[in-house]
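1. The sequence isn't on hand, but the structure is:
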Ligand SMILES: Cc1cc2nc3c(=O)[nH]c(=O)nc-3n(C[C@H](O)[C@H](O)[C@H](O)COP(=O)(O)OP(=O)(O)OC[C@H]3O[C@@H](n4cnc5c(N)ncnc54)[C@H](O)[C@@H]3O)c2cc1C
Ligand code: SF4
Ligand code: SF4
């Protein structure tokens, strides 16, 4: 997975990258004082490259926060669930701004709550992902300061993102920033906060979404290819949103439009290209974020979510006092509508996350047995989640992971 096989001079980066545990968050580059750069490697993952020797203090800081080495433990709060993590309140809801609700991946709640924090003066900017204006299928981190900026970033981008690759520069600004990222990005930022007091001062809110895994950019090219288009000709690309779940939509320089349903793009292409780190992810639900959102899928009769088009609806969990206050404030200001939801109903909305969490223990054990490195996973209730798995399910996942490791097909 590295560009070449020589040791980089950073034992942490070597172990994480060789063990295919890199999530691509960019934290190591962001705090490396120029020693590490994030680059795209085949088949389209963002990975660190050490370009000059790392100061020992930097190496230690990476080891303490890199999500390939350690995952932030869930913090004790009012309630804790082995699948869904710590929570104050669990709700479904949506943005009241129709444009945000339509453009958003599900109900536009992440965007609406971020906009509310901005417009009510609680933060000066929102750091989140946008499509790269120069390369339509790639992604960049931007600082949004207006409704139009936030609207432009609404929706999910299922391709390599490294939102922490400039984190030191962000923390050096005299600004309060709301950060939105994947659960692993938020884990890294929380752990960085244990070493760097600027995180608490500069980043009063961290938002995450539930994450089914990060596909390589080859997955995106597969989707575009299956639309009958050449990825090199695409000038605009959305994975979903503009409806719920909305379609993948590509537009070429010549004006040709290709579309594909969410069911086909995720199920048929993107999910086949997910990196190995995601298959053993012990916290894919943003357990250390202040607020976490997800799709509040309507369960079908089989219990499997229906992906029929509908008005967008997000699941939202507040996980800290700060997150709770922001959400209540936004509801009182008419920014969004929410309805309380029993935690047991989340199992019906998110069956994929249920299946995944309860087999993480077995998959992690398989990695350990084969002598491969594994991130620290303390305080994430993977053992308690495993009790809910059937013995057959656990055995299959244990054996399957060993087979993949031995065959080099992680
Ligand atoms: C890789 C990936 C996997 C996902 N897996 C699941 C899943 O298993 N279950 C589930 O319910 N939901 C999943 N989602 C999230 C889901 O698509 C919605 O983001 C979530 O329902 C919140 O919707 P919303 O309308 O409130 O968010 P929106 O208002 O649309 O806001 C989404 C925010 O996420 C940011 N963002 C988009 N893509 C990325 C990225 N790649 N990295 C960091 N930030 C990004 C945007 O900049 C925006 O600020 C996934 C999203 C991604 C990107
Ligand atoms: S997971 Fe993040 S911090 Fe760790 S090696 Fe990968 S990019 Fe760097
Ligand atoms: S599944 Fe986990 S490791 Fe993979 S991108 Fe999502 S949060 Fe990060």
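-> Yep, it's here. Because the structure is predicted, anything quoted here is derived from the model rather than measured. Ligands and ions are numbered 1, 2, ... in the order given.

2. Now residue 215: phi and psi?
-> The phi/psi pair for residue 215 (degrees, to the nearest 10) reads phi -80, psi 160.

3. Kindly report the residues of the stretch 151-300 of the chain close to ligand 1.
-> 153-158, 161, 163, 180-182, 209-212, 214, 241, 293-295 (Cβ under 6 Å from any ligand atom). The C-beta positions use only the backbone N, C-alpha and C, and glycine is treated the same way.

4. Now intersect those with the helices, please.
-> Taking DSSP state H, the ones among those that sit in helices are residue 153.

5. Now do the same contact list for the closest residue to ligand 3 within the stretch 1-150 of the chain.
-> For the stretch 1-150 of the chain and ligand 3, the shortest gap (Cβ to the nearest ligand atom) falls at residue 23, measuring 4.0 Å. Neighbouring residues of residue 23 by Cβ atoms under 8 Å, 6 or more residues apart in numbering: 67, 68, 182, 184, 185, 214, 275, 277, 278.

6. Return the list of helices and strands in contact with the one helix or strand the fifth one maps to.
-> When you say that, I think you mean residue 185. Counting by DSSP states H and E, the element that carries residue 185 is helix 183-193. Secondary-structure packing of helix 183-193 (3 or more Cβ pairs under 8 Å, 6 or more residues apart in numbering; DSSP states H and E): helix 27-30, helix 56-65, strand 177-181, helix 198-202, strand 205-209.

7. so which of the ones you listed is the most packed in?
-> Mean neighbour count (mean count of other Cβ atoms under 10 Å) peaks for helix 27-30 among the helices and strands packed on helix 183-193, with a mean of 29.

8. Can you confirm whether it lies near ligand 2?
-> Yes. Using Cβ under 6 Å from any ligand atom, helix 27-30 reaches ligand 2 at 27, 28.

9. which parts of the stretch 1-150 of the chain sit against ligand 3?
-> Looking at ligand 3, the residues of the stretch 1-150 of the chain close enough under Cβ under 6 Å from any ligand atom are residue 23.

10. Tell me the span between the first and last residue of stretch 337-355.
-> Its start and end residues considered, stretch 337-355 measures 29 Å (Cα to Cα, to the nearest Å).

11. Is that stretch in proximity to ligand 3?
-> No. Contact of stretch 337-355 with ligand 3 (Cβ under 6 Å from any ligand atom) is absent, the minimum separation being 9.8 Å.

12. List the single closest residue to the residue of the stretch 1-150 of the chain closest to ligand 3 in space, sequence neighbours excluded.
-> Excluding the flanking residues, the one nearest residue 23 by Cβ to Cβ, 6 or more residues apart in numbering is residue 184, at 4.1 Å.

13. Quick check: buried residues in the longest helix belonging to the chain?
-> Identified as the longest helix of the chain according to DSSP H is helix 351-369. For helix 351-369, a neighbour-count test (16 or more other Cβ atoms under 10 Å) marks 351, 353-354, 356-367 as buried.

14. Please state the offset of that helix from the chain centre?
-> How far helix 351-369 lies from its chain's middle: 18 Å, per Cα atoms, centre = their mean, to the nearest Å.

15. Also stretch 374-382?
-> So, by Cα atoms, centre = their mean, the centroid of stretch 374-382 is 17 Å from its chain's centroid.

16. heads up, I number from 568, so please use that
-> Understood, numbering begins at 568; the last thing we discussed is stretch 941-949.

17. now the end-to-end length of that stretch.
-> Stretch 941-949 has an end-to-end distance of 14 Å (Cα to Cα).

18. And it, what's buried?
-> So, applying 16+ other Cβ under 10 Å, buried residues of stretch 941-949: 941, 942, 944, 946, 947, 948, 949.

19. Same question for stretch 962-975.
-> Buried residues in stretch 962-975 (16+ other Cβ under 10 Å): 964, 965, 968, 969, 971, 972.

20. mean confidence for that stretch?
-> Stretch 962-975 shows a mean pLDDT of 92.

21. next one: stretch 771-783
-> 97.

22. Ok, stretch 892-907 next?
-> For stretch 892-907, the mean pLDDT works out to 98.

23. How far does that stretch stretch from one end to the other?
-> Stretch 892-907: ends 15 Å apart by Cα to Cα.

24. Could you do stretch 906-926 as well?
-> End-to-end distance for stretch 906-926: 31 Å, by Cα to Cα.

25. same question, stretch 778-791
-> Across its full length, stretch 778-791 reaches 22 Å between end residues, using Cα to Cα.
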